[in-house]
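Engineer: Kindly generate the corresponding structure for this input.
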Amino acid sequence: SSTPLTRRSSESFSMDEGQQDHKQHMHRRPRRQHHPLEEDDNEDYFETPWVPFLPCLGMFLNWYLISQLEVLGLSLLLLYIGFASILYFSYGAKHSVGATKGWNT
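Structural biologist: Residues are numbered from 1 along each chain as shown. All right, here's what the predicted structure looks like:
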């Protein structure tokens, strides 16, 4: 719920004393920034190791392997990706919220 504000001047707003006490009680300390090289026992989040180096290495490795394919292998790969994409999007269109319950619900 929002607290009602009373206008004292044309540019400033204030709250009653009870509302100010409640507001100070509800105020949370901001979280401090986490430095990537700093050890921290806080387990509120998960950090993926070696980002962005490991994903980039994986991309380059996959592109290298694809570049080593012959024409038949490359055409079969494109055919497989096309068929899988058609299957994926047709399943999604049939089972989406808009198709089952309608978009206006």
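
Engineer: got a list of contacts for the helix ranked longest in the chain?
Structural biologist: Longest helix in the chain, counting residues (DSSP state H): helix 71-95. Identification of contacts with helix 71-95 by C-beta atoms under 8 Å, 6 or more residues apart in numbering yields 66, 69, 99. (Glycine included, C-beta is placed from N, CA and C.)

Engineer: what number of residues lie near the second one?
Structural biologist: Per other C-beta atoms under 10 Å, the neighbour tally for Leu69 reads 12.

Engineer: residues in contact with it?
Structural biologist: Leu77.

Engineer: same thing with the first one?
Structural biologist: If you count contacts by C-beta under 8 Å, 6+ apart, Ile66 has them with 74, 77.

Engineer: please redo it, this time with the cut-off set to 10 Å
Structural biologist: Going by C-beta atoms under 10 Å, 6 or more residues apart in numbering, Ile66 touches 73-74, 77.

Engineer: ditto for Ser96
Structural biologist: With C-beta under 10 Å, 6+ apart, Ser96 has these contacts: Trp103.

Engineer: Could I get the phi/psi values of it?
Structural biologist: Backbone torsions for Ser96, taken as degrees, to the nearest 10, come to phi -70, psi 170.

Engineer: Compute the distance between it and Ala84, please.
Structural biologist: 18 Å (C-beta to C-beta, to the nearest Å).

Engineer: swap in Trp63?
Structural biologist: 19 Å.
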